[in-house]
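Visitor: Task: produce atomic coordinates for the following.
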Amino acid sequence: MKKLAVLCLALCLCLMGTMVLAEGKVMLYSSMQEAQLQAIKEAFEAKYPDVTMDYYFASGGKVITKMSTEAQAGQIEADLVWLGDPSDYEGFKDAGYLQPYTSPESDHIAPEYIDEDGYYTAARLVTMGIAWCTLEGIGISDEEAPKTWEELLDPKWNNQLIMTDPAQSSTSKYWMAAMMQSEKYGTEFFEKLRDNGLQLESGTTATHNVVAAGSYQVGICLDYVSASLMAEGSPLKFHYTDTDVITMTSPIGMIANCANPDNAKLLYDFILSKEGQEVLVANNLVTVRDDVDMGEIDTASIASKNMPVDFADLAENGDTYLATFNEIFNK
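Guide: Prediction:
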């Protein structure tokens, strides 16, 4: 009985210690859509009611600028960062912005989705595809919608194409750079898009909204943003390209010397957990875990069509590709 009492006391003290850790706040910087961030916040705070999750939501470019400015001042004010372009994280590592952390939830995540040095882990899969307007009298039919990147060059889409400016969106920058590094597409593809009247929008959500409004018939768009708008009733449809699909792993990373390291780990683990990933799936995102049901989305089929991407090249030459893009579009 005495041993049992000692064990119970030890367990209570352990639980009390855990409870002490699970209080305070945690700050996340992210370019993910605010509705999904809010869903994560609500679920996380329901599990850890004594921890307040704050977040800064902006485009990938604005988040990176904020991080750089704060780092120059002495300390990035976030505890975690969650952007769309995985190549950005190589720059973060080189700049000393991140600290390594291996989550216990990593056992259900493919090794190729985890940085070999432990500085970041994929937290969702984001795929670029083609969206089109379905407004009666303005929109186009499913049969008419382009099904490959090359079909965007058809003259019938002249001045009817829109994408998010890669300088403002990390996901658009990744897609652009991956296409530009490809021998099949390269700079010539973007010159032809320019000649076919491709326009640039400053924000990801804005790009999708102008397609839904019929201002442009076709957009180079993201799967999860399109799915969210479609779920709300927007006159928009989306599909993955038949070939050369480009998927981003959208990692999370823990900021070096962050103010709330224990709570940062709690949030990191929660986002990667089955519970957290199910919250993402319920909000039209694609999971990185091998034990979460994706319903009608065939992730294996999408993966089989993925275009090979030289990740190291993107990390090293992403800014060069962006400069070339800007020159093509006279920015």
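Visitor: In stretch 206-223, which residues are buried?
Guide: By 16 or more other Cβ atoms under 10 Å, the buried positions in stretch 206-223 come out as 207-212, 214, 216-223. No exception for glycine: its C-beta is placed from N, CA and C like everyone else's.
Visitor: ugh, typo on my part, it should be stretch 151-169
Guide: Going by 16+ other Cβ under 10 Å, stretch 151-169 has these buried residues: 152-153, 157, 160-169.
Visitor: Can you get me the start-to-end distance on it?
Guide: 23 Å (Cα to Cα, to the nearest Å).
Visitor: on that earlier part again, the buried residues of stretch 151-169 in strands, which ones?
Guide: 161, 162, 163, 164 (DSSP state E).
Visitor: just the residues you listed now: which is nearest residue 69?
Guide: Of all these, residue 69 sits closest to residue 164, with 22.6 Å by Cβ to Cβ.
Visitor: Does the closest one touch residue 203 like I think?
Guide: Yes: between residue 164 and residue 203 a contact is recorded at 6.7 Å, counting by Cβ atoms under 8 Å.
Visitor: got the buried residues of stretch 151-169 as TSV, with pLDDT and distance to residue 53 columns?
Guide: Formatted as TSV, these follow (pLDDT from 0 to 100; distance: Cβ to Cβ, whole Å):
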residue	pLDDT	distance to residue 53
152	98	39
153	98	44
157	98	42
160	98	41
161	98	38
162	98	33
163	98	32
164	97	27
165	96	29
166	94	29
167	91	29
168	89	25
169	89	24
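Visitor: Now render those residues as a markdown table, adding distance to residue 257.
Guide: Formatted as a markdown table, these follow (distance: Cβ to Cβ, whole Å):
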| residue | distance to residue 257 |
| --- | --- |
| 152 | 45 |
| 153 | 48 |
| 157 | 49 |
| 160 | 49 |
| 161 | 44 |
| 162 | 41 |
| 163 | 37 |
| 164 | 33 |
| 165 | 32 |
| 166 | 31 |
| 167 | 29 |
| 168 | 29 |
| 169 | 28 |
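Visitor: How about residue 91: what's its closest non-neighbour residue?
Guide: Nearest in space to residue 91, with sequence neighbours left out and distances taken as Cβ to Cβ, 6 or more residues apart in numbering, is residue 315 at 6.8 Å.
Visitor: And for residue 42, the neighbour number?
Guide: Residues near residue 42, counting by other Cβ atoms under 10 Å, number 12.
Visitor: you'd agree residue 26 is in a strand?
Guide: Yes: per DSSP: H, G, I helix; E, B strand; the rest coil, residue 26 lies within a strand segment.
Visitor: That one reaches residue 55, doesn't it?
Guide: No: between residue 26 and residue 55 there is no contact under Cβ under 8 Å: 9.2 Å.
Visitor: First residue to last residue on stretch 100-110, what's the distance there?
Guide: Terminal residues of stretch 100-110 are spaced 18 Å apart (Cα to Cα).
Visitor: quick one on the thing from earlier: out of the buried residues of stretch 151-169, which one sits closest to residue 66?
Guide: residue 168 (13.5 Å).
Visitor: picking that back up, which one's more surrounded, residue 26 and residue 55?
Guide: Legend: neighbour count by other Cβ under 10 Å for residue 26 and residue 55, higher for residue 26 (26 against 19).
Visitor: Who are the contact partners of the more buried one?
Guide: For residue 26, the contacting residues are 51, 52, 53, 54, 79, 80, 260, 263, 264, 266, 267, by Cβ atoms under 8 Å, 6 or more residues apart in numbering.
Visitor: Name whatever forms a beta bridge with the first one.
Guide: I take that to be residue 51. residue 24 (DSSP bridges).
Visitor: tell me the contacts of it?
Guide: Residues counted as contacts of residue 51 (Cβ under 8 Å, 6+ apart) are 22, 23, 24, 25, 26, 44, 45, 263, 266.
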